[in-house]
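Participant: Sharing a model prediction with you, sequence too.
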Amino acid sequence: MRMLVTGREGQVVTALRERAERAGIEIVTLGRPDLDLTASPEAVTAAVVKASAGVSVIVSAAAYTAVDKAEAEPDVAMAANGRGAGAVARAAVDLGVPVIHLSTDYVFDGEKNGAWLETDATNPIGVYGRSKLAGEDAVRAAGPRHVILRTAWVYSPFGQNFVKTMLRLAAAGRDSLNVVADQTGSPTSALDIADAILTIAATLEAEPGDEALYGTFHLAGTGQTNWADFARAIFEGARARGSVGADVVSIPTSQYPTPAARPKNSVLSTTRLSERHHVKLPSWQTSLATVLDRLIEAPSRADGKK
Ligand SMILES: NC(=O)C1=CN([C@@H]2O[C@H](COP(=O)(O)OP(=O)(O)OC[C@H]3O[C@@H](n4cnc5c(N)ncnc54)[C@H](OP(=O)(O)O)[C@@H]3O)[C@@H](O)[C@H]2O)C=CC1
Ligand SMILES: Cc1cn([C@H]2C[C@H](O)[C@@H](COP(=O)(O)OP(=O)(O)O[C@H]3O[C@@H](C)C(=O)[C@@H](O)[C@H]3O)O2)c(=O)[nH]c1=O
(Lines give C-alpha, C1' and ligand atoms only; values in the text may rest on other atoms or scores of the structure.)
(Ligands and ions follow the chains in the order given, each with its own letter.)
Protein backbone atom coordinates (compact mmCIF):
# COMPACT_ATOMS: atom_id res chain seq x y z
CA MET A 1 0.00 0.00 0.00
CA ARG A 2 1.15 3.52 -0.77
CA MET A 3 -0.70 6.32 0.99
CA LEU A 4 -0.76 10.09 0.52
CA VAL A 5 -1.63 12.15 3.59
CA THR A 6 -2.30 15.88 3.55
CA GLY A 7 -0.47 17.96 6.15
CA ARG A 8 3.11 17.80 7.35
CA GLU A 9 3.51 18.50 11.07
CA GLY A 10 -0.05 17.97 12.35
CA GLN A 11 -0.91 15.41 15.02
CA VAL A 12 -2.64 12.87 12.80
CA VAL A 13 -0.23 13.15 9.88
CA THR A 14 2.76 12.73 12.21
CA ALA A 15 1.17 9.71 13.93
CA LEU A 16 0.38 8.19 10.55
CA ARG A 17 3.94 8.68 9.37
CA GLU A 18 5.22 6.88 12.45
CA ARG A 19 2.73 4.01 12.32
CA ALA A 20 2.98 3.53 8.54
CA GLU A 21 6.77 3.41 8.63
CA ARG A 22 6.59 0.83 11.42
CA ALA A 23 4.18 -1.28 9.34
CA GLY A 24 6.31 -0.98 6.21
CA ILE A 25 3.67 1.06 4.40
CA GLU A 26 4.90 3.73 2.03
CA ILE A 27 3.61 7.16 3.00
CA VAL A 28 3.85 10.46 1.17
CA THR A 29 3.01 13.59 3.14
CA LEU A 30 1.95 16.77 1.38
CA GLY A 31 1.70 20.07 3.24
CA ARG A 32 2.55 23.71 3.00
CA PRO A 33 4.08 25.22 0.89
CA ASP A 34 3.51 22.46 -1.71
CA LEU A 35 -0.16 22.14 -0.75
CA ASP A 36 -2.11 25.15 0.50
CA LEU A 37 -5.74 24.22 1.10
CA THR A 38 -6.77 27.87 0.80
CA ALA A 39 -5.44 28.11 -2.77
CA SER A 40 -7.84 27.75 -5.69
CA PRO A 41 -9.61 24.36 -5.77
CA GLU A 42 -7.97 23.64 -9.13
CA ALA A 43 -4.52 24.27 -7.66
CA VAL A 44 -5.27 22.04 -4.64
CA THR A 45 -6.53 19.19 -6.81
CA ALA A 46 -3.53 19.52 -9.14
CA ALA A 47 -1.04 19.52 -6.24
CA VAL A 48 -2.54 16.35 -4.76
CA VAL A 49 -2.69 14.57 -8.12
CA LYS A 50 0.93 15.54 -8.86
CA ALA A 51 2.19 14.09 -5.57
CA SER A 52 0.11 10.92 -5.74
CA ALA A 53 1.91 8.70 -8.25
CA GLY A 54 1.19 5.10 -7.36
CA VAL A 55 -0.91 5.78 -4.26
CA SER A 56 -3.86 3.53 -3.46
CA VAL A 57 -5.56 5.79 -0.90
CA ILE A 58 -5.59 9.47 0.09
CA VAL A 59 -5.96 10.54 3.70
CA SER A 60 -7.25 14.07 4.09
CA ALA A 61 -5.90 15.06 7.51
CA ALA A 62 -4.81 18.69 7.03
CA ALA A 63 -7.26 21.28 8.28
CA TYR A 64 -7.61 24.68 9.86
CA THR A 65 -8.04 23.58 13.50
CA ALA A 66 -7.77 26.86 15.47
CA VAL A 67 -11.30 26.78 16.89
CA ASP A 68 -11.28 30.24 18.49
CA LYS A 69 -9.27 32.00 15.79
CA ALA A 70 -11.71 30.68 13.17
CA GLU A 71 -14.40 32.99 14.60
CA ALA A 72 -12.31 35.97 13.44
CA GLU A 73 -11.35 34.55 10.04
CA PRO A 74 -14.28 32.48 8.79
CA ASP A 75 -13.26 32.89 5.15
CA VAL A 76 -9.89 31.24 5.74
CA ALA A 77 -11.43 28.40 7.76
CA MET A 78 -14.08 27.83 5.11
CA ALA A 79 -11.54 27.95 2.26
CA ALA A 80 -9.32 25.33 3.92
CA ASN A 81 -11.87 23.05 5.54
CA GLY A 82 -14.70 23.40 3.04
CA ARG A 83 -13.45 24.08 -0.48
CA GLY A 84 -9.95 22.73 0.19
CA ALA A 85 -11.29 19.43 1.53
CA GLY A 86 -13.57 19.10 -1.50
CA ALA A 87 -10.66 19.70 -3.85
CA VAL A 88 -8.59 16.98 -2.12
CA ALA A 89 -11.50 14.55 -2.50
CA ARG A 90 -11.83 15.42 -6.19
CA ALA A 91 -8.15 14.60 -6.66
CA ALA A 92 -8.88 11.15 -5.21
CA VAL A 93 -11.73 10.75 -7.73
CA ASP A 94 -9.42 11.82 -10.59
CA LEU A 95 -6.86 9.26 -9.42
CA GLY A 96 -9.50 6.53 -9.01
CA VAL A 97 -8.65 5.92 -5.33
CA PRO A 98 -10.73 6.23 -2.14
CA VAL A 99 -10.35 9.16 0.25
CA ILE A 100 -10.35 8.89 4.04
CA HIS A 101 -11.35 12.31 5.35
CA LEU A 102 -11.08 13.49 8.98
CA SER A 103 -13.97 15.44 10.48
CA THR A 104 -15.10 16.43 13.93
CA ASP A 105 -17.61 16.14 16.77
CA TYR A 106 -17.99 19.93 16.43
CA VAL A 107 -20.42 19.40 13.50
CA PHE A 108 -23.01 18.69 16.25
CA ASP A 109 -24.59 21.28 18.55
CA GLY A 110 -23.99 19.22 21.69
CA GLU A 111 -27.61 19.29 22.80
CA LYS A 112 -28.35 15.54 22.58
CA ASN A 113 -28.64 13.36 25.67
CA GLY A 114 -26.58 10.31 24.77
CA ALA A 115 -23.95 9.49 22.18
CA TRP A 116 -24.23 11.02 18.71
CA LEU A 117 -25.03 8.68 15.83
CA GLU A 118 -23.80 9.19 12.27
CA THR A 119 -27.43 9.68 11.25
CA ASP A 120 -28.14 12.46 13.77
CA ALA A 121 -28.79 15.94 12.41
CA THR A 122 -25.74 18.18 12.31
CA ASN A 123 -25.98 21.74 13.59
CA PRO A 124 -22.56 23.30 14.24
CA ILE A 125 -22.46 26.18 16.72
CA GLY A 126 -19.18 27.76 15.58
CA VAL A 127 -17.22 28.67 12.47
CA TYR A 128 -14.80 25.73 12.73
CA GLY A 129 -17.68 23.22 12.96
CA ARG A 130 -19.51 24.89 10.07
CA SER A 131 -16.36 24.81 7.93
CA LYS A 132 -15.79 21.11 8.71
CA LEU A 133 -19.41 20.35 7.86
CA ALA A 134 -18.96 22.14 4.53
CA GLY A 135 -15.93 19.89 3.98
CA GLU A 136 -17.97 16.76 4.70
CA ASP A 137 -20.60 17.89 2.18
CA ALA A 138 -17.93 18.61 -0.43
CA VAL A 139 -16.31 15.20 0.10
CA ARG A 140 -19.69 13.47 -0.31
CA ALA A 141 -20.41 15.50 -3.45
CA ALA A 142 -17.05 14.54 -5.00
CA GLY A 143 -17.85 10.84 -5.17
CA PRO A 144 -19.06 7.75 -3.31
CA ARG A 145 -15.68 6.21 -2.49
CA HIS A 146 -15.14 8.20 0.71
CA VAL A 147 -14.80 7.35 4.38
CA ILE A 148 -15.52 10.37 6.56
CA LEU A 149 -14.16 9.76 10.06
CA ARG A 150 -15.55 12.13 12.66
CA THR A 151 -13.22 12.12 15.64
CA ALA A 152 -12.92 14.25 18.80
CA TRP A 153 -10.64 15.77 21.43
CA VAL A 154 -7.45 14.62 19.70
CA TYR A 155 -4.17 14.53 21.64
CA SER A 156 -0.80 12.94 21.03
CA PRO A 157 2.92 13.41 21.69
CA PHE A 158 2.94 15.72 18.64
CA GLY A 159 1.82 19.24 17.79
CA GLN A 160 -0.52 21.18 20.02
CA ASN A 161 -3.24 19.63 22.14
CA PHE A 162 -4.96 19.80 25.54
CA VAL A 163 -2.68 17.20 27.19
CA LYS A 164 0.46 19.09 26.23
CA THR A 165 -1.13 22.40 27.27
CA MET A 166 -1.95 21.02 30.73
CA LEU A 167 1.56 19.60 31.19
CA ARG A 168 3.12 22.86 30.02
CA LEU A 169 1.04 24.98 32.41
CA ALA A 170 1.92 22.72 35.36
CA ALA A 171 5.60 22.71 34.42
CA ALA A 172 5.48 26.52 34.29
CA GLY A 173 4.50 26.54 37.95
CA ARG A 174 0.70 26.82 37.83
CA ASP A 175 -0.38 24.81 40.88
CA SER A 176 -4.11 25.30 40.32
CA LEU A 177 -6.05 25.45 37.06
CA ASN A 178 -9.71 26.25 36.37
CA VAL A 179 -11.07 23.81 33.82
CA VAL A 180 -14.58 23.48 32.42
CA ALA A 181 -16.55 20.48 33.70
CA ASP A 182 -19.76 20.82 31.70
CA GLN A 183 -18.45 19.77 28.29
CA THR A 184 -18.44 16.00 27.83
CA GLY A 185 -16.58 14.03 25.18
CA SER A 186 -14.17 11.24 24.36
CA PRO A 187 -10.44 12.03 24.25
CA THR A 188 -8.85 10.33 21.26
CA SER A 189 -5.16 9.57 20.73
CA ALA A 190 -3.83 10.42 17.27
CA LEU A 191 -1.75 7.24 17.50
CA ASP A 192 -5.00 5.24 17.73
CA ILE A 193 -6.48 7.25 14.85
CA ALA A 194 -3.44 6.38 12.75
CA ASP A 195 -3.76 2.66 13.53
CA ALA A 196 -7.47 2.80 12.70
CA ILE A 197 -6.80 4.54 9.38
CA LEU A 198 -4.25 1.90 8.39
CA THR A 199 -6.77 -0.86 9.17
CA ILE A 200 -9.55 0.91 7.26
CA ALA A 201 -7.27 1.58 4.27
CA ALA A 202 -6.25 -2.09 4.14
CA THR A 203 -9.90 -3.16 4.24
CA LEU A 204 -10.79 -0.76 1.42
CA GLU A 205 -7.92 -2.12 -0.64
CA ALA A 206 -9.03 -5.72 -0.03
CA GLU A 207 -12.77 -5.11 -0.62
CA PRO A 208 -13.03 -2.06 -2.91
CA GLY A 209 -16.53 -2.96 -4.07
CA ASP A 210 -18.15 -3.35 -0.64
CA GLU A 211 -20.45 -0.34 -0.36
CA ALA A 212 -20.97 -0.84 3.39
CA LEU A 213 -17.34 0.19 3.98
CA TYR A 214 -17.93 3.72 2.65
CA GLY A 215 -19.77 6.65 4.19
CA THR A 216 -19.60 8.50 7.48
CA PHE A 217 -18.27 6.91 10.68
CA HIS A 218 -17.47 8.00 14.22
CA LEU A 219 -14.02 7.19 15.60
CA ALA A 220 -13.17 8.12 19.20
CA GLY A 221 -11.53 6.79 22.31
CA THR A 222 -13.75 4.43 24.30
CA GLY A 223 -15.50 5.97 27.30
CA GLN A 224 -16.27 9.56 28.10
CA THR A 225 -15.19 12.33 30.42
CA ASN A 226 -15.24 16.10 30.76
CA TRP A 227 -12.31 18.47 30.32
CA ALA A 228 -11.82 18.95 34.09
CA ASP A 229 -11.70 15.23 34.82
CA PHE A 230 -9.50 14.72 31.78
CA ALA A 231 -7.09 17.31 33.22
CA ARG A 232 -7.16 15.51 36.58
CA ALA A 233 -6.28 12.22 34.86
CA ILE A 234 -3.43 13.95 33.01
CA PHE A 235 -1.97 15.31 36.26
CA GLU A 236 -2.47 12.02 38.10
CA GLY A 237 -0.52 10.34 35.31
CA ALA A 238 2.12 13.05 35.35
CA ARG A 239 2.69 12.72 39.09
CA ALA A 240 2.82 8.92 38.83
CA ARG A 241 5.64 9.38 36.33
CA GLY A 242 7.57 11.71 38.63
CA SER A 243 6.52 14.92 36.91
CA VAL A 244 4.57 17.87 38.27
CA GLY A 245 0.80 18.19 38.29
CA ALA A 246 -1.65 20.87 39.27
CA ASP A 247 -4.90 20.97 41.20
CA VAL A 248 -7.94 21.23 38.96
CA VAL A 249 -10.90 23.38 39.91
CA SER A 250 -14.10 22.44 38.04
CA ILE A 251 -15.83 25.47 36.56
CA PRO A 252 -18.83 25.96 34.27
CA THR A 253 -18.21 27.07 30.69
CA SER A 254 -19.72 30.45 31.58
CA GLN A 255 -16.63 31.11 33.72
CA TYR A 256 -14.22 30.33 30.85
CA PRO A 257 -15.37 32.64 28.04
CA THR A 258 -13.91 31.87 24.61
CA PRO A 259 -14.59 33.37 21.17
CA ALA A 260 -16.07 30.07 19.93
CA ALA A 261 -18.85 28.15 21.62
CA ARG A 262 -18.16 24.43 22.18
CA PRO A 263 -20.75 21.60 22.19
CA LYS A 264 -21.88 20.51 25.68
CA ASN A 265 -22.07 16.86 24.71
CA SER A 266 -19.57 15.62 22.12
CA VAL A 267 -19.72 11.90 22.84
CA LEU A 268 -19.74 9.94 19.58
CA SER A 269 -21.27 6.49 19.14
CA THR A 270 -18.66 4.31 17.44
CA THR A 271 -20.81 1.22 16.86
CA ARG A 272 -21.06 1.63 13.08
CA LEU A 273 -17.27 1.63 12.68
CA SER A 274 -16.82 -1.41 14.90
CA GLU A 275 -19.53 -3.32 13.02
CA ARG A 276 -18.43 -2.49 9.50
CA HIS A 277 -14.66 -2.04 9.83
CA HIS A 278 -14.02 -4.02 13.03
CA VAL A 279 -12.20 -1.06 14.52
CA LYS A 280 -12.66 -0.25 18.21
CA LEU A 281 -10.27 2.07 20.05
CA PRO A 282 -8.89 1.42 23.55
CA SER A 283 -10.33 3.23 26.56
CA TRP A 284 -9.24 6.85 26.69
CA GLN A 285 -7.45 6.11 29.99
CA THR A 286 -5.32 3.37 28.38
CA SER A 287 -4.37 5.57 25.46
CA LEU A 288 -3.64 8.55 27.71
CA ALA A 289 -1.15 6.37 29.62
CA THR A 290 0.60 5.48 26.35
CA VAL A 291 0.93 9.13 25.35
CA LEU A 292 2.06 10.23 28.82
CA ASP A 293 4.74 7.54 28.74
CA ARG A 294 6.13 9.23 25.67
CA LEU A 295 5.73 12.81 26.87
CA ILE A 296 7.22 12.28 30.31
CA GLU A 297 10.54 10.63 30.75
CA ALA A 298 10.22 8.31 33.74
CA PRO A 299 12.83 8.99 36.45
CA SER A 300 14.07 5.40 36.25
CA ARG A 301 14.70 5.81 32.56
CA ALA A 302 16.32 9.21 33.07
CA ASP A 303 18.60 7.53 35.63
CA GLY A 304 19.53 4.93 33.08
CA LYS A 305 17.87 2.22 35.21
CA LYS A 306 15.50 -0.38 33.75
N1 LIG B 1 -7.28 18.31 16.98
C2 LIG B 1 -8.48 17.85 17.35
O3 LIG B 1 -8.84 17.87 18.54
C4 LIG B 1 -9.41 17.29 16.34
C5 LIG B 1 -9.11 17.25 14.99
N6 LIG B 1 -10.04 16.77 14.08
C7 LIG B 1 -9.71 16.75 12.65
O8 LIG B 1 -8.68 15.79 12.46
C9 LIG B 1 -7.79 16.24 11.44
C10 LIG B 1 -6.37 16.23 11.95
O11 LIG B 1 -6.28 17.10 13.08
P12 LIG B 1 -4.90 17.37 13.80
O13 LIG B 1 -3.87 16.44 13.28
O14 LIG B 1 -5.18 17.44 15.27
O15 LIG B 1 -4.61 18.83 13.30
P16 LIG B 1 -3.33 19.75 13.57
O17 LIG B 1 -3.84 21.11 13.90
O18 LIG B 1 -2.39 19.07 14.48
O19 LIG B 1 -2.65 19.78 12.14
C20 LIG B 1 -3.28 20.39 11.07
C21 LIG B 1 -2.45 20.20 9.83
O22 LIG B 1 -3.11 20.88 8.78
C23 LIG B 1 -2.17 21.67 8.11
N24 LIG B 1 -2.80 22.84 7.54
C25 LIG B 1 -3.50 23.80 8.18
N26 LIG B 1 -3.90 24.73 7.30
C27 LIG B 1 -3.45 24.31 6.08
C28 LIG B 1 -3.54 24.84 4.78
N29 LIG B 1 -4.17 25.99 4.52
N30 LIG B 1 -2.95 24.17 3.77
C31 LIG B 1 -2.31 23.01 4.00
N32 LIG B 1 -2.18 22.47 5.21
C33 LIG B 1 -2.75 23.12 6.24
C34 LIG B 1 -1.15 22.06 9.16
O35 LIG B 1 0.02 22.45 8.50
P36 LIG B 1 1.21 23.29 9.20
O37 LIG B 1 2.01 22.25 9.91
O38 LIG B 1 1.88 23.91 8.04
O39 LIG B 1 0.53 24.29 10.12
C40 LIG B 1 -1.04 20.76 9.93
O41 LIG B 1 -0.15 19.88 9.28
C42 LIG B 1 -8.34 17.60 10.99
O43 LIG B 1 -9.16 17.40 9.86
C44 LIG B 1 -9.18 18.07 12.16
O45 LIG B 1 -10.20 18.93 11.73
C46 LIG B 1 -11.24 16.27 14.47
C47 LIG B 1 -11.58 16.25 15.78
C48 LIG B 1 -10.70 16.74 16.84
C1 LIG C 1 -6.38 25.54 28.54
C2 LIG C 1 -7.75 25.45 29.18
C3 LIG C 1 -8.87 25.09 28.42
N4 LIG C 1 -10.08 25.03 29.01
C5 LIG C 1 -11.25 24.61 28.21
C6 LIG C 1 -11.52 25.36 26.93
C7 LIG C 1 -12.29 24.35 26.11
O8 LIG C 1 -13.66 24.39 26.47
C9 LIG C 1 -11.71 23.03 26.57
C10 LIG C 1 -10.71 22.41 25.59
O11 LIG C 1 -9.82 23.40 25.16
P12 LIG C 1 -9.08 23.36 23.76
O13 LIG C 1 -8.87 24.75 23.33
O14 LIG C 1 -7.91 22.46 23.88
O15 LIG C 1 -10.16 22.64 22.90
P16 LIG C 1 -10.62 22.83 21.41
O17 LIG C 1 -9.60 23.52 20.61
O18 LIG C 1 -11.99 23.35 21.38
O19 LIG C 1 -10.64 21.29 20.99
C20 LIG C 1 -11.30 20.94 19.82
O21 LIG C 1 -10.41 21.04 18.74
C22 LIG C 1 -11.03 20.83 17.50
C23 LIG C 1 -9.96 20.93 16.42
C24 LIG C 1 -11.89 19.65 17.44
O25 LIG C 1 -12.21 19.15 16.36
C26 LIG C 1 -12.58 19.19 18.70
O27 LIG C 1 -12.85 17.80 18.70
C28 LIG C 1 -11.84 19.54 19.96
O29 LIG C 1 -10.78 18.66 20.24
O30 LIG C 1 -11.05 23.27 27.81
C31 LIG C 1 -10.26 25.31 30.37
O32 LIG C 1 -11.39 25.23 30.90
N33 LIG C 1 -9.17 25.65 31.12
C34 LIG C 1 -7.91 25.74 30.59
O35 LIG C 1 -6.95 26.09 31.30
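Facilitator: Right, received. Where do you want to start? Ligands and ions are numbered 1, 2, ... in the order given.
Participant: Can you confirm whether the strand or helix carrying A20 lies near ligand 1?
Facilitator: Using DSSP states H and E, A20 sits within helix 11-23. Yes. Counting by Cβ under 6 Å from any ligand atom, contacts between helix 11-23 and ligand 1 involve Q11, V12, V13. Yep, even glycine has a C-beta here, placed from its N, CA and C like the rest.
Participant: Please apply the same query to stretch 200-220.
Facilitator: No. Stretch 200-220 is not in contact with ligand 1 by Cβ under 6 Å from any ligand atom; minimum separation 8.7 Å.
Participant: need the residues of the chain near ligand 2, please.
Facilitator: 65, 67, 104-106, 152-154, 162, 165, 177-180, 183, 227, 256, 258, 262.
Participant: Keep only those of those that are in strands.
Facilitator: T104, V154, L177, N178, V179, V180 (DSSP state E).
Participant: just curious, which of those is nearest to D137?
Facilitator: Using Cβ to Cβ, T104 comes nearest to D137 of these, at 13.7 Å.
Participant: what's the closest non-adjacent residue to the closest one?
Facilitator: In space, and not counting its chain neighbours, T104 is closest to K132: 4.9 Å by Cβ to Cβ, 6 or more residues apart in numbering.
Participant: burial count for that neighbour?
Facilitator: Here the number of neighbours of K132 (other Cβ atoms under 10 Å) works out to 32.
Participant: which non-adjacent residue is nearest R145?
Facilitator: Per Cβ to Cβ, 6+ apart, closest to R145 is P98, 4.2 Å.
Participant: Contact partners for the nearest residue to L281 once chain neighbours are set aside?
Facilitator: Among residues not flanking L281 along the chain, D192 sits closest, at 4.7 Å (Cβ to Cβ, 6+ apart). D192 sits next to G221, L281, P282, S287 when contact means Cβ atoms under 8 Å, 6 or more residues apart in numbering.
Participant: Mark which of the residues you listed are part of helices, please.
Facilitator: S287 (DSSP state H).
Participant: Any chance of TSV for the contacts of D192, columns pLDDT?
Facilitator: Formatted as TSV, the contacts of D192 follow (pLDDT from 0 to 100):
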residue	pLDDT
G221	98
L281	98
P282	98
S287	98
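Participant: which residues of the stretch 101-250 of the chain fall in strands?
Facilitator: Taking DSSP state E, counting those that start in this stretch as the test, the strands found in the stretch 101-250 of the chain are 146-151, 154-155, 176-180, 184-185, 188-189, 215-218, 225-226, 247-251.
Participant: Switch those over to a markdown table; also include mean pLDDT and mean neighbour count.
Facilitator: As requested, these are exported to a markdown table (pLDDT from 0 to 100; neighbours: other Cβ atoms under 10 Å):
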| stretch | mean pLDDT | mean neighbour count |
| --- | --- | --- |
| strand 146-151 | 98 | 25 |
| strand 154-155 | 98 | 26 |
| strand 176-180 | 98 | 16 |
| strand 184-185 | 98 | 20 |
| strand 188-189 | 98 | 26 |
| strand 215-218 | 98 | 21 |
| strand 225-226 | 98 | 20 |
| strand 247-251 | 98 | 16 |
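Participant: who wins for proximity to A196 among those?
Facilitator: Among these, strand 146-151 sits nearest to A196 (Cβ to Cβ), with 7.6 Å.
Participant: Tell me how far the residue in the chain that ligand 1 sits nearest to lies from Y155.
Facilitator: At 2.3 Å from ligand 1, G10 is the closest residue in the chain, using Cβ to the nearest ligand atom. G10 is 13 Å from Y155, where distance means Cβ to Cβ, to the nearest Å.
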